[in-house]
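>>> Test case, fold it:
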Amino acid sequence: SIETNYDYAMAIARWDASGEFSVDEQNKTVSVPGGLSFQSTQAIVKFILKDKEGNAIKAKSLTISGLRFGTVDNICLYHPYNSSIVEEGPLTIKPAAPTSEIYAAIRTMEIYKMLFTLTVIDENDVRYTYEKTDVQFTNGKYYSISVKMKDTRVDLSTLTENYVAKDGDILMGNLNNKIKVSIADGATVTFRNLTIEGERSQFTDEPYNWAGITCKGNATIVLEGNNTAKGFDDVYPGIYVPEGKTLTITGDGSLTASSNGYGAGIGAGNNMACGDIVIEGGTITATGGSGCAGIGAAGSGNCGNITIKGGTVEATGGQASPGIGAGDRARCGNITIENTVDMVTATAGNVAYYSIGLGATSTGCGTITIGDTQYYNGSAYASEDLQNALKASPFIYKPIKMLSTATTADLGKVVCAQGHLHDAKTAVPEGCTAVGILGKVTEKGKGLILALHDAASQKWTTIGGWTETTTYAGTTLKILPDNAARGSLASYTSLGV
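The predicted structure follows:
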């Protein structure tokens with residue numbers, strides 16, 4: 001029924017009779033001579049959701065937006081009686097289970113026509129959109145609308161002309177033609193097993209003067225599956241970030257980015273300027289061309305700030321260039337690698353001085369901060385040891401992860417008494433005493449720990465007065481009772497986990 005499906009409803013009560021009403025406070029009732037009549041202040045709309053072929057879409061969420069004057073939303077979410085307070089759309093409905101029919105109670109300013117937009121996320125996380133101009137609903141009426149929606153998945157193999165990805169697009173498949181793929185300013189786009197293998201222009205061809213992916217402004221890329229982006233021509237990067245803008249890369253998938261000769265893997269092309277680069281997740285492999293950083297500036301260009309907050313990153317510089325930073329005769333902004341990353345590996349190119357920061361003939365670099373340590377303040381190194389550390393090729397930064405930040409990706413790691421997590425196959429370093437193996441994570445920072453067998457005493461012991469359930473190193477833990485199945489660290493490691 002409508003009342004069990006629609007999101008909410010508002011109504012105006014009208015007292016059409018004369019006389020006085022009475023209030024029974026004890027029984028919480030009101031008596032009105034002649035009774036009350038109710039007038040609906042919303043349009044009740046049943047949406048029947050279909051794809052462009054007419055097949056039913058099982059939606060787990062539906063977002064409704066109705067713009068008037070181009071910018072003001074016309075969907076009223078909240079308007080208390082006798083008040084000027086109005087909270088307007090968009091309206092998001094999440095049914096209890098995925099369904100192709102959704103009821104919505106929509107209150108609009110019915111004197112206005114609006115640009116009406118629907119966005120659906122289906123049970124497989126595919127995004128669909130629908131847009132129609134000059135839509136008007138009359139409050140108090142019922143509508144049943146069958147909507148054929150556009151799938152936001154874009155198969156690159158079907159493209160025959162240049163394409164600008166819109167917010168919500170999912171790019172997938174192999175790009176078979178020499179065409180330019182861009183991301184619109186402000187858009188969040190998903191890469192799902194995307195492959196762009198750009199080619200260098202031949203003398204007989206029109207020049208392919210573009211990157212593998214060109215960001216037209218601020219952009220966010222969400223990685224799913226395995227993805228490749230290689231620049232076209234020979235002076236363009238795998239992914240280009242325009243000057244003054246920011247590219248954010250996140251997700252759990254992988255990305256391999258490179259140029260065709262003289263561009264960065266991610267950042268700028270030869271003699272170009274690029275904006276800021278932020279990496280929050282994923283497995284990133286970026287390779288720079290000759291005179292170009294893997295991530296950052298290319299030859300004779302500039303790059304903004306580079307911030308790596310998460311994921312696994314491997315960046316290799318080209319001739320005379322670092323893995324991360326400024327290319328040959330180039331400059332970059334601040335470089336920050338936070339201690340929340342899984343691992344960052346930066347490798348210097350041939351005859352380059354540093355793996356992170358300056359190239360052989362770079363014109364400058366901002367600060368370099370890795371973890372909690374500032375290696376370079378923009379003009380001088382903090383110490384000779386830290387300077388030499390950045391010269392190591394490869395430079396590897398793998399922070400010790402804390403138990404309090406454990407996720408499901410950390411299952412099977414060894415926990416030490418200091419609350420660190422160590423890979424099960426590696427020896428626990430000197431100064432750390434192994435006390436358990438992370439066996440389950442119910443949510444971030446909460447999980448099950450299996451106590452280790454103490455080799456010296458040949459006993460299973462609790463640590464620091466632990467009971468069956470306790471809090472340790474900022475984490476809620478549970479130790480298995482003595483009669484539970486257990487194995488020593490040595491036997492656990494031999495399992496190859």
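>>> which intervals of the stretch 1-150 of the chain have sub-threshold pLDDT?
Scanning the stretch 1-150 of the chain for pLDDT under 70 picks out the ranges 1-41, 68-89, 108-111.
>>> With adjacent residues omitted, what lies nearest to the residue nearest to the spatial centre of the chain?
Geometric centre of the chain, nearest residue: Thr250, 4.0 Å, by CA atoms, centre = their mean. Excluding the flanking residues, the one nearest Thr250 by CB to CB, 6 or more residues apart in numbering is Glu280, at 4.2 Å. For every residue, glycine as well, the C-beta is placed using N, CA and C.
>>> do the same with Ile179
The shortest distance from Ile179 to any non-neighbouring residue, by CB to CB, 6+ apart, is to Asn162 (5.3 Å).
>>> for the one you found, what are its contacts?
Applying CB atoms under 8 Å, 6 or more residues apart in numbering to Asn162 gives the contacts 179-182.
>>> change it to 10 Å
Going by CB atoms under 10 Å, 6 or more residues apart in numbering, Asn162 touches 177, 179-182, 210, 214.
>>> coming back round to it: please report how far the residue nearest to Thr250 lies from Ile249.
Separation of Glu280 from Ile249 (CB to CB, to the nearest Å): 7 Å.
>>> before we move on, what about Asn162?
Applying CB to CB to Asn162 and Ile249 gives a distance of 23 Å.
>>> More neighbours: which of Glu280 and Ile249?
Shown here are Glu280 and Ile249; by other CB atoms under 10 Å, Ile249 has more neighbours (26 against 18).
>>> thought the residue nearest to the centre of the chain was touching Ile279?
Yes. Contact status for Thr250 versus Ile279: in contact at 7.9 Å, counting by CB atoms under 10 Å.
>>> any common contacting residues for the two?
Common neighbours of Thr250 and Ile279 (CB under 10 Å, 6+ apart) are 221, 309-311.
>>> coming back round to it: tell me which entries of the contacts of Asn162 lie within strands.
Counted as lying in strands by DSSP state E, out of the contacts of Asn162, are 181-182, 214.
>>> and which of those residues is nearest Met402?
Minimum distance to Met402 across the ones in strands among the contacts of Asn162 is 39.0 Å, recorded for Thr214 (CB to CB).
>>> Compute the distance between that closest one and Gly291, please.
Distance, Thr214 to Gly291, using CB to CB: 21 Å.
>>> the longest helix in the chain is where?
Ranked by residue count, the top helix of the chain under DSSP state H comes out as helix 384-391.
>>> That one - contacts with which helices or strands?
On a contact count with 3 or more CB pairs under 10 Å, 6 or more residues apart in numbering; DSSP states H and E, helix 384-391 meets strand 356-357, strand 367-370, strand 373-377.
>>> Please work out which of those strands is packed deepest.
strand 356-357 (a mean of 32; mean count of other CB atoms under 10 Å).
>>> Tell me the strands beside it, with direction?
Paired neighbours of strand 356-357 in the sheet (DSSP bridges): strand 324-325 (parallel).
>>> Following the chain onward from the partner strand, which element is next?
The C-terminal neighbour of strand 324-325 among helices and strands, as given by DSSP states H and E, is strand 331-332.
>>> Could you give the number of residues near Asn334?
If you count neighbours by other CB under 10 Å, Asn334 ends up with 16.
>>> Please verify my assumption that it contacts Asn305.
Yes. In this structure, Asn334 is within contact of Asn305 by CB under 10 Å, at 4.6 Å.
>>> So for these two, which residues contact both of them?
Common neighbours of Asn334 and Asn305, counting by CB under 10 Å, 6+ apart, are 276, 366-367.
>>> Now the phi/psi pair for the residue nearest to the centre of the chain, please.
Main-chain torsions, Thr250, degrees, to the nearest 10: phi -140, psi -180.
>>> can you tell me which residues contact it?
Thr250 neighbours (CB under 10 Å, 6+ apart): 188, 220-223, 278-282, 309-311.
>>> hmm, back to that, scan the ones in strands among the contacts of Asn162 and report the most crowded one.
Val181 (23 neighbours).
>>> list the contacts for it?
154, 156, 159, 162-165, 171, 175, 189, 194, 196, 198, 210-214, 229.
>>> What's the end-to-end length of stretch 406-418?
14 Å (CA to CA, to the nearest Å).
>>> Over to stretch 255-275?
19 Å.
>>> isn't Pro207 right next to Glu199, touching?
No. Pro207 is not in contact with Glu199 according to CB under 10 Å; the separation is 11.2 Å.
>>> and for these two, which residues touch both?
Between them, Pro207 and Glu199 share these contacting residues under CB under 10 Å, 6+ apart: 232-234.
>>> By neighbour count, which of these wins?
Phe232 (25 neighbours).
>>> give the contact list for it.
Contacts of Phe232 by CB under 10 Å, 6+ apart are 178-180, 196-201, 207-212, 214, 259-260, 263.
>>> try it again with 7 Å
178, 198-199, 208, 210, 212, 260 (CB atoms under 7 Å, 6 or more residues apart in numbering).
>>> pLDDT below threshold where in the stretch 151-300 of the chain?
201-206.
>>> can you give me the helices for it?
Here the stretch 151-300 of the chain has no helices by DSSP state H, counting those that start in this stretch.
>>> quick revisit: can I get the contacts of Thr250 in JSON lines with distance to Asp125?
Conversion of the contacts of Thr250 to JSON lines gives the following (distance: CB to CB, whole Å):
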{"residue": "Thr188", "distance to Asp125": "14"}
{"residue": "Thr220", "distance to Asp125": "16"}
{"residue": "Ile221", "distance to Asp125": "16"}
{"residue": "Val222", "distance to Asp125": "11"}
{"residue": "Leu223", "distance to Asp125": "14"}
{"residue": "Val278", "distance to Asp125": "23"}
{"residue": "Ile279", "distance to Asp125": "23"}
{"residue": "Glu280", "distance to Asp125": "19"}
{"residue": "Gly281", "distance to Asp125": "17"}
{"residue": "Gly282", "distance to Asp125": "17"}
{"residue": "Lys309", "distance to Asp125": "24"}
{"residue": "Gly310", "distance to Asp125": "21"}
{"residue": "Gly311", "distance to Asp125": "21"}
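>>> Please list only the buried members of these.
By neighbour count, with 16 or more other CB atoms under 10 Å, those hold 188, 220-223, 278-282, 309-311 as buried.
>>> Restricted to strands, list these.
Among the buried ones among the contacts of Thr250, the members found in strands (DSSP E) are 188, 220-223, 278-279.
>>> Identify, from these, the entry nearest to Gly296.
Of all those, Ile279 has the smallest distance to Gly296: 11.8 Å, by CB to CB.
>>> was I right about Ile106 contacting Ala43?
Yes. At 5.1 Å, Ile106 and Ala43 qualify as touching, with contact defined as CB atoms under 7 Å.
>>> what's the overlap in contacts for those two?
Contact criterion CB under 7 Å, 6+ apart; residues shared by Ile106 and Ala43: Phe137.
>>> any idea of the pLDDT on Ile400?
What the model reports for Ile400 is a pLDDT of 81.
>>> Okay, and the beta partners of the nearest residue to it once chain neighbours are set aside?
Excluding its sequence neighbours, the residue lying closest to Ile400 (CB to CB, 6+ apart) is His420, at 4.8 Å. Assessed by DSSP bridges, His420 has beta-bridge partners Met402.
>>> which residues touch the helix or strand that Thr129 is a member of?
Following DSSP H and E, one finds Thr129 within strand 127-135. Here strand 127-135 makes contact (CB under 7 Å, 6+ apart) with 51, 57, 66, 113-122, 147, 149-152, 168, 170.
>>> out of those, which are buried?
Applying a neighbour-count criterion of 16+ other CB under 10 Å, the buried members of the contacts of strand 127-135 are 51, 57, 66, 114-122, 147, 149, 151-152, 170.
>>> Many thanks, have a good one.
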